[in-house]
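Trainee: fold the stuff below for me.
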Amino acid sequence: MREKYNINRLKNITYFVFILIYGIIAFFAAYVSINTKPTESKWSTEEWSYNRKKPVTLTKEERKFLGHQNLNILPDDIQYKTQEPVRKILKEQNIFYRPHEIFMKPNKLHKTSLVTSTQCKSNFVKLLILVASKGTNYERRLAIRYTWGDKTTLKKFSSELYFLVSKPILHGEENYIAKEQEIFGDLITGSDYDDYDNVVQKTIFGLEWVSKYCNFKYLLKTDDDVFVYTKTIFKLIENLDKQNIEYLYTGNLVQNAYVLREGKYKITEEEYSLKYYPPYASGGGYILNNATVHALMSKINTYSTFKMEDVYIGILAHHLHIKATNQSHFEMQSDDCLFKAVNVVQHEIPTTDCMYQLFIKCVKEEACHI
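Mentor: Next up, the predicted model:
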């Protein structure tokens, strides 16, 4: 009887100690929560910076080299580690700037979410480059403009570059995007909100824009974390010219890709019922010709979209009996900062400093035009 009493007493003591410890932990957590200042997510480095790795800093010699190339590089005191400096530049030019009423609002003239209705700058463009970019990625767009996407260099080869930008989720960001458009004039905008599930909408409204407002021969669709080796891509375009392909769809070919039903790339059976996707070119960079773009546009409203843009384009091409072909040196699995002269496109570039350093090496090795 006494042993049973001792056992029950021990259980009660154990239960009391457990409750006491739990209470102390809960009190401490509540205290920390109350006394910790919330992070301003709008301005935090974590949200706006693309430096998932330790950022590489450009040396004075590297900046001097860029300056000698007449690329109008930003001053030395501008750091490429967060979006804040770029924001500051745009804001200081006109702190009370407000966008036009029609900016990023649906346009009834279009069958997609396309807002922009301006023409390409040139009457004919041999290679038109569309770069899908998140609205808040100001520094990535600047890095492209001042490196491989320099408009003066591209113009020599009858090429133009534009950025595809959707409506930002955070209120007020459209003011900065509108100001950026006023300064550079190279943004093609859509009225859909800018989130991962709407990535495909950027490509779709981009295709509508080029099909309606540009006279072009070839289109390179790429992303703002990609480096394009201009010398190799212009050589590739010359070779494609000789082949005289009726419907061109080429890049890093993906075949027999299994449809995932779980995780980030989850696709339900209602969205796509088959086990495997048809062949498609990776979204980091692929080339279409004029005929293919117009053919794709004819099917845009026929099949429901889903979040994987490159797969969706592959599905449309498959229904149109347009064959996706493989192109060597469209590297899609690189996350380093190594220069590779044989490449046409290189994805993904981890930092904007890496973009500048690759360009410096590319110019010195005569793999990029200036």
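Trainee: ok, which stretches of the protein are strands?
Mentor: 125-132, 159-167, 187-193, 216-223, 226-228, 249-254, 280-289, 325-326, 330-331, 345-347 (DSSP state E).
Trainee: okay, and for the protein, where does confidence drop off?
Mentor: 1-20, 22-108 (pLDDT under 70).
Trainee: do a quick rundown of the helices in it.
Mentor: Along the chain, the stretches classed as helices by DSSP state H are 2-35, 45-48, 60-68, 84-93, 138-145, 151-155, 173-184, 199-213, 230-243, 290-299, 309-319, 352-364.
Trainee: one step back: and the strands of the chain as CSV, adding mean neighbour count and distance to residue 150?
Mentor: To be clear about C-beta, it is placed using only N, CA and C from the backbone, and glycine gets the same treatment. What follows is these, written out as CSV (neighbours: other C-beta atoms under 10 Å; distance: least, C-beta to C-beta, whole Å):
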stretch, mean neighbour count, distance to residue 150
strand 125-132, 23, 12
strand 159-167, 25, 9
strand 187-193, 22, 17
strand 216-223, 23, 15
strand 226-228, 26, 11
strand 249-254, 22, 23
strand 280-289, 25, 18
strand 325-326, 14, 29
strand 330-331, 22, 22
strand 345-347, 25, 17
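Trainee: right, and these - which one's nearest residue 359?
Mentor: strand 226-228 (7.6 Å; C-beta to C-beta).
Trainee: give me the sheet partners of that closest one and which way each runs.
Mentor: strand 345-347 (antiparallel) (DSSP bridges).
Trainee: now what about the partner strand, what contacts it?
Mentor: The contact list for strand 345-347 (C-beta atoms under 8 Å, 6 or more residues apart in numbering) reads 220, 222-223, 225-229, 233, 282, 284-285, 329-334, 340, 358.
Trainee: repeat the analysis, applying 7 Å as the threshold.
Mentor: 222-223, 225-228, 284-285, 330-332, 334, 340 (C-beta atoms under 7 Å, 6 or more residues apart in numbering).
Trainee: could I get those residues in a markdown table, plus columns for distance to residue 133?
Mentor: Output for the contacts of strand 345-347, formatted as a markdown table (distance: C-beta to C-beta, whole Å):
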| residue | distance to residue 133 |
| --- | --- |
| 222 | 10 |
| 223 | 7 |
| 225 | 9 |
| 226 | 11 |
| 227 | 14 |
| 228 | 14 |
| 284 | 13 |
| 285 | 14 |
| 330 | 19 |
| 331 | 20 |
| 332 | 18 |
| 334 | 19 |
| 340 | 23 |
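Trainee: tell me which two in these are the farthest apart.
Mentor: Largest pairwise distance in these, by C-beta to C-beta, is 17.7 Å, between 223 and 340.
Trainee: neighbours of residue 268, just the number please.
Mentor: A count of nearby residues for residue 268, using other C-beta atoms under 10 Å, gives 10.
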